[in-house]
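In: please find the sequence and the predicted model below.
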Amino acid sequence: MEVIWSNTDFPYMCLKDVKRTLFFKKAIKKIVKKGDIVVDVGAGSGIMSFFAAKAGAKKVYSVEIDHLLAESIQKSIEANNLEEIVSVVEGDVLKANLPKNADVVICELIDTGLMDEMQVPAINMLKKRGVISKKTKLIPSSYQTFFQLVYVDNNYYGFEIQSPKHEWPFYKNTESGWIKTQIQAVSQPVEVSSINFEEGLIECEVDKTIEYVLEKRKVNAIKISGLITLAPGIILGPTNALNGDKIIPIELIENCKKIKIKINYKMGTGLGSLLKYKVL
Ligand SMILES: C[S@@+](CC[C@H](N)C(=O)[O-])C[C@H]1O[C@@H](n2cnc3c(N)ncnc32)[C@H](O)[C@@H]1O
């Protein structure tokens, strides 16, 4: 089963995330050329489409699966007098009717590690259908995933809570009433996947055995982090609404100097697929 991640409110959080949004604006200005045909996948608020129009695109197709968001993008297009440039394509990007050989595809269906959202299946499908061809530039152009062993305090309100944790930088502000995640690095981060979105069909499965040297005595979680290259020289780590570190509890391991972990997951099928790790 494919997972389609959609949440009507979340694109507004993305819009308010100034660092994320201005980095994309910079990348779009760098990559989109006058007269380009652009596809904006998962257009949300429509902001990336509007940046592309401003950068000189002749035509922008804003693909959005959520009906309310698709309607809202249409209203924003009219409010900004962009009807001749930007068109909404409401529906699932896996099936949407789109032009072949787009000059630029903007696709921000990114979550940390590319596990939950549809970034990789969406790009693969657009390649199979010829929307993305060899000449198409992608924003982002690549993604690297890192796994690090950590020790995390799972105690919340007097209970041991084993659920996955998501560290958005915004929630680090304990003065606003958020709990601080108590986390200690136990190993160095190791790259488990590096994907160039512009090169051929992407292998969805990551299957890797990593040997970690432990710098502390106890491990009970894996921290997943990622680096997004939007365009040459424009690289983003975690921001308030994008790519925050994920911490996945694992069994407690004590008093080891080195451990090997076999990791196997499939991008775009949910974080649950990572539960297939094995300590060797
Ligand atoms: C993380 S938001 C990004 C919004 C916008 N691109 C931005 O960067 O501000 C992802 C958007 O993709 C849409 N989406 C998710 N899966 C989709 C799919 N299969 N087809 C089309 N849109 C999708 C969601 O409804 C949501 O609006």
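Out: Cool, the structure landed. What you see is a predicted model; the values in this text were computed from it and never measured.
In: from here on, just use CA atoms for contacts and neighbour counts.
Out: Fine.
In: ranges for the strands of the stretch 1-150 of the chain?
Out: 37-41, 59-64, 86-90, 104-107, 137-139, 142-152 (DSSP state E, counting those that start in this stretch).
In: could I get those in TSV, plus columns for mean neighbour count and mean pLDDT?
Out: Shown next, in TSV, are the strands of the stretch 1-150 of the chain (neighbours: other C-alpha atoms under 10 Å; pLDDT from 0 to 100):
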stretch	mean neighbour count	mean pLDDT
strand 37-41	27	98
strand 59-64	25	98
strand 86-90	22	98
strand 104-107	24	98
strand 137-139	22	98
strand 142-152	22	97
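In: looking at those, which is closest to the ligand?
Out: With C-alpha to the nearest ligand atom as the criterion, the ligand lies closest to strand 59-64 of these, at 3.9 Å.
In: now that closest one: how far from the chain's centre is it?
Out: Counting by C-alpha atoms, centre = their mean, to the nearest Å, strand 59-64 is centred 19 Å from the centre of its parent chain.
In: what of stretch 10-26?
Out: Distance of stretch 10-26 from the chain centroid (C-alpha atoms, centre = their mean) equals 13 Å.
In: got the CA coordinates for it in CSV?
Out: Output in CSV follows, covering the C-alpha atoms of stretch 10-26 (Å, rounded to 0.1, in the frame of the first residue of the first chain):
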residue,chain,number,x,y,z
PHE,A,10,0.6,21.8,7.4
PRO,A,11,1.5,23.8,4.3
TYR,A,12,0.8,26.9,6.4
MET,A,13,3.5,25.9,8.9
CYS,A,14,5.8,25.4,5.9
LEU,A,15,4.9,28.9,4.6
LYS,A,16,5.7,30.4,8.0
ASP,A,17,9.1,28.7,8.1
VAL,A,18,11.1,31.6,6.9
LYS,A,19,14.5,29.8,6.6
ARG,A,20,13.0,26.9,4.6
THR,A,21,10.9,29.1,2.3
LEU,A,22,13.6,31.6,1.6
PHE,A,23,16.1,28.9,0.8
PHE,A,24,13.6,27.4,-1.8
LYS,A,25,13.1,31.0,-3.2
LYS,A,26,16.8,31.3,-3.7
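In: how about it: buried residues?
Out: By neighbour count on 16 or more other C-alpha atoms under 10 Å, the buried set for stretch 10-26 is 11, 14-15, 17, 19-21, 23-25.
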